[in-house]
Structure formats: C-alpha cells, structure tokens
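Enquirer: pasted the sequence and its predicted model underneath.
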2 protein chains.
Amino acid sequence: MPKTPYKIYLTEEEMPKNWYNLKAVMKELPTPFIHPGTLKPCTAEDLEPVFCKELVEQELNTTDKYIEIPEEIRDFYKMYRPSPLVRAYCLEKLLDTPAEIYYKFEGTNTSGSHKLNSAAAQVYYAKKQGIASLTTETGAGQWGTALSMACAYYNIPLNIFMVKVSTEQKPYRKAVMETYGAKVTPSPSDTTEVGRKILAENPGTGGSLGCAISEAMEVSMKTPNCRYVLGSVLDHVLLHQSIIGEEVKIACDKYDINPDIIIGCAGGGSNLGGLIAPFMGDKIEGKNNIEFIAVEPASCPSLTRGRYALDFGDTGKTTPLMMMYTLGSGFMPSPNHAGGLRYHGMSPIISKLYHDGYITARSVEQTKVFDAATMFARCEGILPAPESSHALKVAIDEAIKCKETGEKKTILFGLTGTGYFDLSAYMSYNSGTMEDYIPTDEDLEKGFATLPKVQL
Amino acid sequence: MPKTPYKIYLTEEEMPKNWYNLKAVMKELPTPFIHPGTLKPCTAEDLEPVFCKELVEQELNTTDKYIEIPEEIRDFYKMYRPSPLVRAYCLEKLLDTPAEIYYKFEGTNTSGSHKLNSAAAQVYYAKKQGIASLTTETGAGQWGTALSMACAYYNIPLNIFMVKVSTEQKPYRKAVMETYGAKVTPSPSDTTEVGRKILAENPGTGGSLGCAISEAMEVSMKTPNCRYVLGSVLDHVLLHQSIIGEEVKIACDKYDINPDIIIGCAGGGSNLGGLIAPFMGDKIEGKNNIEFIAVEPASCPSLTRGRYALDFGDTGKTTPLMMMYTLGSGFMPSPNHAGGLRYHGMSPIISKLYHDGYITARSVEQTKVFDAATMFARCEGILPAPESSHALKVAIDEAIKCKETGEKKTILFGLTGTGYFDLSAYMSYNSGTMEDYIPTDEDLEKGFATLPKVQL
C-alpha cells in the first residue's frame, strides 16, 4: 500500500461513469413531492412544465442504483474533475491529534464550489431537449456562477435571481456571472409578481433563497420554452453530486482509507447528499458503520430545530410540497455570511435519512466557523468558503476529541469551495465586528406558522 | 502512448527534486548586479544585509545546473503542487485549429498564481536563518498573498507595501493578506522617507512596483533582523519558478508532447523564466528549436520598446544596478489592469536571452487581452488573470495562424493565475469602458531620461 500522498487525484480513466442513486438503496423512501391542490404525489406530467424531462425521470427514479453519466457530461467534468482528496497533514500536526483528517476539495473550478457538478448535467439535458432559455436563483452565488459557466459552454441564455443581501456582500459574484454571459437580477425584484408581493410585505428585506426561487419559477412558467433549474434540495441534484462521494470512495479504496466519520455542511443538502451517497448506501446495506454529520448554521437550523413536515420549497408557495425538515417557507434567515446555507428547508432525502437516524446534525455559530476557517487557511493554504467551514469546524472539534481520548479516528469532510468571493465576510471577522445570530423560539414559531395547514 | 488526458497531473513522486539554474547553461552570462557607487559587481557581502544568505548564494550561483530543493520546501509544494498541464481541447475546438494547445495552470492555490513557488522557498530560508520579520512589495496582490501564506505557515511577521492603484482595484486582495496575518500599507505611503519623497514629487500617483520596492527596502534596512524579499526579476526567483517548467518538461516527456512554441506573459520575468527554464537550457544545448515568446502589455513595453541598459530596480534608486531591458526607473506606467505586468524593467536573465535572440517579444493591448480572456473563460471554464491572459492572447493568435497555414503546431503557454480578484477589471471590460494605454515616444523619453548616466 503506497503512503497516502498529500493530494489524491484519480486518473481520468478511474473517474466514475455512473451517478449513485441513494433512493434505490434506502429501506424507506422519502415521501414524494405532493401536489398542493390534490395532496396526491406529483406525476412526471406535473413536473415537466417546470423541469427538463430527463431530470424529472431522474427525480422520480427509485429503482436504479446506478445511473449512467452521459459521455458529454463526463467530458465536461474532465475540465475540472477529478477533484483532489487531500490529507490534511498540516492541520493534523497543528492540532496534534492522533486522528487522520481528509477533505474532498471541490473548489478547484471557477464557480468555486461543487455546484458545477449538477449545473453541467442540468444544462446538458436542457440543451438536448431543445430548451431555449433557463432561469434559476442563487444565494451565495456559487450555483449562479456554476450555471453561468455551463450555460456559456452550451450556449443557452440564463436569467439569474440572486438573493439581494448576497449581491451586496459579494459584488464580484455578479460580475463573474455576467462575464459568463448571464443576466443577474437582485431578488426580491419588481420584475415579477411574486417579487413585488414579497417587497410589499417585507420592505427592505435582504431576500432569501426561498424568495429567489419563487421569482425564477414565475419567469420560467411565463417564458415560452424556458425551464427552471435548481442547484440543491431536489433528488436529481443530489444524484449529480454523488460524483463527489464516488470519487472519494474510489480514492479511499485505492489507499485503504476507512472513514469513521464523514462530515458535510448542509444548506439544501446537495453537497452532503453527494458526498455521503455511496458510503451511506453501504451503511444501509450493513457494510460499514460510519457516523455521518450534517452541519448547519445556528442562524438557520432546519435539521436541529426545524420540524419534519410538508412544506413549500419557496417563499411564494409555488412549488410542490416536500416532506422535509423545515423552519417554514416564511422563515427569513438573518444575514449570516454563509449564504449557501441560508435556506428554510432541507433535501427530502437528507431529511428522511436524518429522521430515520442515519445522520446526526449539529449547528454552529459563524464566529466559531471563521475561527476554524482562519486556522485552516493559515496551515493548509486554502481559504475556505464560509459554507464549507461549517463542516471544517466540526471536523476540527472531532479531531480535538480524538486528542483527548487518544482515539485514532479517520475523519473526512467536504471542503465544498473557496472563500475568494467571501472576503467581505472575512473582513468582518478580521475586524472583530462579526456577530452571531441565533433565532429565538419565538422567531422559529413565526416561521412554523407559515407551514401549510394540511399535513399528511 | 496513452491519449493525452484533459489534465496531466504528475504524482508526488514524479515531482522535481531540483530547481533548474539556467545560468549554468547560458553561453554568455547576464551582467551581474553592479554597485552604483563603485560600478563594480556586487559581492555576497554587499547583498546579505538585504537578502537572506542562501538566497544570495543562489543569486550568485552560475555553475550548478541543478540546485536541490530542500525537503521542507518540497513538502510545502505538495500542498498545492504538482499543478496541472491542461490540454485546451475546448479552445482548440472553438478556434477550429489544427494546432494542439496546452497550458500549465498555476492558479490552483489560494494566492491565485505561481508566486507561491518562490514565496515558499524564500520564507523557508528566512526562517532557517532566524530572521525576525520580512518586508515586501506587491502590485496585483498575487505576490503579497503568496508571501502572506508562506509567512503564516512559517509564522514570520510580514509587512507588505501594496501599489495604491491595486488596493483600489482589488479591495479584497488586502483582506486575503490580512486574513493570513500580514500588515498591508498602500504605496506610496507616508510611513517611509522614500514614500514621502515620491508623494511630494507625484501627488495623487497610483504608485508602481518600483515605488513599493523602494519603501519595502527602506523598512527592511531600518528594522533589526529584517530582510526584504522580492517576488520577481531576481535570478533566485527565476530559479524557484523553474519548478513550473520542470513539471511541464516531465509531463511532456511522459506524454510525448513536443512544444513548437512556448509563450509566457512577462512583467518582471519570473513566470516566463521559470516556465521556459529547462526547455531553454535544451535549446541552448542544441536539443530543440522551440520558439519562446514573451508577452507584455502595450502600456508597459519594456522588452519591445525599452532600452538594454544599467538601471535601478526601484523608483527610489536604492537597489544595485541591473543590466536589463527597461523603460527607466522613473517611468510611471498607466493604470493597466494587469498590475503584475506594470514594472519598468525586466529580469536580467530574460533580458539577456532576449538580447541574444533566444526569445522574441510582443506587446498587446488590454482590450484584446480581455477579448481572449472572456473567450477562454467561456469555453475552458477557468477565469484567467489579466496577466496570464497576455500569454493566452498570443497563444490564440498563433493557433489562428495555424488554421490559416494548416500547420499542426504544438503551442504551450503559462496560465499563471486566476482572475478571481480582478473582477473590477472584468466589469470595466463588460461595460465597454475599458481603455487601452499606449505610451507615446515622448512618454518613453521621459522614462529613459531617468536612466543612470553612467553605463558600462
């Protein structure tokens, strides 16, 4: 067995040729999308006006454990994948821990995150179907950048609704998307009905992913041959992100790395779902006993303080109902710097796995997250995204525990992206003015009050 | 022979263990540093108050073709190296050229450029010598970021003088350096004698690398046990950067790639010198007939319109004299967005090779550079740095020529870094307000008038 290198890169031949469909392995399936009018499960026909046909098929596929990645998408992936699995030698040394720490680094592409994995796939299917234009929302800007890149590559026009507070915190994110040819509108905007309604009800709001989704969906429904694409939450997005976990699995097998703990940050759940997919499949099949930890911001604690309920995916209540851990689609998260984790709900797959005890969850405060991020940047070189640093923070906590107990655990976390466009957040941290936001029980009750009255 | 992958990564075992010292191969050596008082070559004793001892040894070494890279530095390199050699399949397809295009991508580390290669080495030697603190200058911010990262890793305090116009164009660069613990001062500043003098003579100046060097050198001379470090121009910096060219060489040998043309952008010359080192050595030894092209901005054309003369490396005229292509240390370049190429002089090694006909040079205007950058970003995914895009622009020109002539040349260029911190430049380009600056002959004469009267 060769000594573990600092960075494990698979060869292009070793790259996975299939995505891993966790639903084909789960003992109990997540509740499917529910039509808010009929309260019956949504059919493919219900979903196809909004999403591309092949994505709907993938969304509803509960039987095929492996779904082939088309060669064109694999070629796109080769522009920036395989991504490295890194042994955090320097961090281990700094922490003086007996634990081995690994991270899968998804930040080596221009979008700065894992989001490109699903963007590449979704735009490919749209192109194949002859779709004329796409709409989407973006929070932190990672998904918007990724989609801009894929749309530039496939030459499809793109309209992006970007959470307003993020356009202000990250002025250059908009510029990147525009460089890739996308049109970017801060949300809520007065360009849509739902945007005008939200603005009237919440004047001065910084917006949220939930609002931006409503606006993007409205435009896609009103524009001929236009489709909406979403960067997280949905089952087909988690499917595309399984490329992360599969690469990790191949690298682990090659170097005989056996994770005891796998940690991912969780906003909508796409990174976490993708990272853990094949390992969780094995756990369900009784082949390992890995501890999976979802980490969310204390300011937006959907798993740790939310309710498992049917809820809309957006603030405007235009999506199908999803059974998920949620703070209520009307919950307005405080302006935490991890924009990508500022979402009221959680992927139905992740929610179900959490509900059934396969995943545990923790929430962390952002100043602690930036303590970890700065420590990591200084010893490992990489400046991490605030979102990714949530997972990092818990990985460090676990490594310190190992130091105390003497356990030699193998800890693996997802470093989903870089913080190059989050420097205003780092500036706030560096200057000591960063605040932590923890919603009170009363804040949460206000959110829960917006849950649909009818539940299954 | 395997098909060329999209990205060639060497294994950590394949990484070079030696730097390549071009001076040991050159038929005629560059003129050594000249002491401005005595007009005699500088000795090690002259240089050691300013630079670390081992760096002075490397600077003066003209005999050893290979200089071993200490294991500690190789371990540092492993945090972000080897960097990929990428086959630009998508760009080739877009240009419909028979040429093969490759680029060595140095932007996969947080400094966003190749600068970390020398920073890692210089800080290591400073630490080994027991130096208490370091000073430096930075233009575009890439060198400053790289040095901040290395200083954080080795725990050495760092003072950075950052060209004022760059701090304004790239507000977040300062934030990154501060995150890594460096102290950043916009230059010219009122914190040094030379800074105050420059400000008095050029009120409202945006500064230049030349000014910032003067300020950093002054502080290093006045602070006990402090040393100055420089990110380009000097022979030992080119030596460290030879890791780039050596990795390219190993990858080319492995995949039987035989470049006809190698292209690099040239500001101070460190990237170009490092990229071409082993290939140029072979050319000097008659083993290849590669065409080497240095690309510089039309706004700061030291090779294409400068004079080969003895000149100071800084505006304050405090450095030893160097024989180089120069616009005169008093030349104040216009605010071109490629801050890293905004320097009046050029590496003595590159200058000598150019003077002796081993290298050709071209200058390009920045709007054309951003045309190329945007085209590249949209098809290859990576958002390139403005500096790197100078090389890219000429690579595209050469590939188009191949289309016209039907020649199937192999074109290789250095993609030195990413443009994540250059979004204000892209915004200027996107909005159509970017201007080209070409100095008039009169502008150049003003610069030449600042050349030392005494020449060899």
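Expert: Structure received. Numbering: from 1, shown residues only, chains lettered A, B, ... in the order given.
Enquirer: average model confidence for stretch A:434-441?
Expert: Averaging pLDDT along stretch A:434-441 gives 95.
Enquirer: for that stretch, the distance to its chain's centre please.
Expert: Put simply, stretch A:434-441 sits 22 Å off its chain's centre (C-alpha atoms, centre = their mean, to the nearest Å).
Enquirer: end-to-end on it?
Expert: 22 Å (C-alpha to C-alpha, to the nearest Å).
Enquirer: quick one: that stretch near chain B?
Expert: No: using C-beta under 8 Å from any C-beta of the partner chain, stretch A:434-441 stays clear of chain B, coming no nearer than 12.7 Å. Any C-beta I mention is one placed from the backbone N, CA and C, and that applies to glycine too.
Enquirer: tell me which residues of that stretch come out buried.
Expert: By 16 or more other C-beta atoms under 10 Å in any protein chain shown, the buried positions in stretch A:434-441 come out as A:434, A:439.
Enquirer: contact partners of it?
Expert: For stretch A:434-441, the surrounding residues in contact (C-beta atoms under 8 Å, 6 or more residues apart in numbering or on different chains) are A:298-299, A:301, A:305, A:327, A:334-337, A:365-367, A:370, A:425, A:428, A:447.
Enquirer: 6 Å instead?
Expert: Stretch A:434-441 has contacts (C-beta atoms under 6 Å, 6 or more residues apart in numbering or on different chains) with A:298-299, A:334, A:365-367, A:428.
Enquirer: show the pLDDT at the residue nearest to A:Ala126 when sequence neighbours are not counted.
Expert: Using C-beta to C-beta, 6 or more residues apart in numbering or on different chains and skipping the chain neighbours, the partner closest in space to A:Ala126 is A:Cys52 (5.1 Å). Predicted confidence (pLDDT) for A:Cys52: 94.
Enquirer: so who does A:Cys52 touch?
Expert: The contact partners of A:Cys52, taken as C-beta under 6 Å, 6+ apart, are A:125-126, A:129, A:227.
Enquirer: for those residues, which ChimeraX command selects only the ones that are buried?
Expert: Remark: buried members of the contacts of A:Cys52, expressed as a ChimeraX selection using 16+ other C-beta under 10 Å:
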select /A:125,126,227
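Enquirer: farthest pair within the contacts of stretch A:434-441?
Expert: Using C-beta to C-beta, those span at most 16.6 Å, a distance reached by A:Ala298 and A:Ser428.
Enquirer: any idea which of the contacts of stretch A:434-441 is closest to A:Lys40?
Expert: Nearest to A:Lys40 among those: A:Ser299, at 35.4 Å, using C-beta to C-beta.
Enquirer: how about the secondary structure of the closest one?
Expert: Under DSSP: H, G, I helix; E, B strand; the rest coil, the three-state class of A:Ser299 is coil.
Enquirer: quick one: the closest residue to A:Glu68 other than its chain neighbours from chain B, how far?
Expert: Of all residues not flanking A:Glu68 in the chain, A:Asn18 sits nearest, at 5.4 Å (C-beta to C-beta, 6+ apart). Taking C-beta to the nearest C-beta, to the nearest Å as the measure, A:Asn18 falls 20 Å from chain B.
Enquirer: okay, and whatever residue of the stretch 251-400 of chain A ends up closest to chain B sits in which element?
Expert: As assessed by C-beta to the nearest C-beta, chain B sits closest to A:Arg378 within the stretch 251-400 of chain A, at 4.0 Å. Per DSSP states H and E: A:Arg378 is located in helix A:366-380.
Enquirer: what helices or strands is that helix leaning on?
Expert: helix A:89-95, helix A:386-405 (3 or more C-beta pairs under 6 Å, 6 or more residues apart in numbering or on different chains; DSSP states H and E).
Enquirer: which other helices and strands contact the longest one?
Expert: This means helix A:386-405. strand A:261-265, strand A:291-297, strand A:359-364, helix A:366-380, strand A:410-415.
Enquirer: mind listing residues that contact the fourth one?
Expert: This points to helix A:366-380. Residues contacting helix A:366-380 (C-beta under 6 Å, 6+ apart): A:88, A:90-91, A:94, A:336, A:383-384, A:389-390, A:392-393, A:396, A:429, A:434, A:436, B:152.
Enquirer: list buried residues within the residues you listed.
Expert: The buried subset of the contacts of helix A:366-380 - by 16+ other C-beta under 10 Å - is A:88, A:90-91, A:94, A:336, A:383-384, A:389-390, A:392-393, A:396, A:429, A:434, B:152.
Enquirer: and the least confident of these?
Expert: A:Asn336 (79).
Enquirer: quick check: which element contains it?
Expert: Counting by DSSP H and E, A:Asn336 is part of no helix or strand.
Enquirer: without its sequence neighbours, what residue ends up closest to A:Met427?
Expert: A:Met427's closest residue in space is B:Ala175 (C-beta to C-beta, 6+ apart), at 4.7 Å.
Enquirer: just A:Leu423 next, same as before
Expert: B:Tyr172 (3.6 Å).
Enquirer: now do A:Tyr77
Expert: A:Ala120 (6.4 Å).
Enquirer: only the buried residues of the helix or strand the one you found falls within, if you could.
Expert: Element membership for A:Ala120 (DSSP H and E) is helix A:116-129. Within helix A:116-129, the residues that qualify as buried are A:116-127, counting by 16+ other C-beta under 10 Å.
Enquirer: again, but for stretch A:31-43
Expert: For stretch A:31-43, by 16+ other C-beta under 10 Å, it's A:31-34, A:36, A:42.
Enquirer: likewise for stretch A:163-174?
Expert: Applying 16+ other C-beta under 10 Å to stretch A:163-174 flags A:163-167, A:169-174 as buried.
Enquirer: before we move on, the earlier item: let me see the confidence value for the residue nearest to A:Glu68.
Expert: Reported pLDDT for A:Asn18: 98.
Enquirer: A:Pro70 is in contact with that one, correct?
Expert: No: with contact defined as C-beta atoms under 6 Å, A:Asn18 does not count as touching A:Pro70 (10.8 Å).
Enquirer: what's around A:Thr433, how many residues?
Expert: Using other C-beta atoms under 10 Å in any protein chain shown, A:Thr433 is surrounded by 8 other residues.
Enquirer: show the contacting residues for it.
Expert: Per C-beta under 6 Å, 6+ apart, neighbours of A:Thr433: none.
Enquirer: ok, 10 Å please
Expert: With contacts defined as C-beta atoms under 10 Å, 6 or more residues apart in numbering or on different chains, A:Thr433 is in contact with A:Met427.
Enquirer: in the stretch 301-450 of chain A, which residue sits nearest chain B?
Expert: Counting by C-beta to the nearest C-beta, the stretch 301-450 of chain A gets nearest to chain B through A:Leu423 (3.6 Å).
Enquirer: ok, the helix or strand of chain A with the lowest mean pLDDT near chain B or not?
Expert: Ranked by mean pLDDT, DSSP states H and E, the weakest helix or strand in chain A is helix A:164-169, scoring a mean of 85. No: Helix A:164-169 stays clear of chain B (C-beta under 10 Å from any C-beta of the partner chain), getting no nearer than 11.5 Å.
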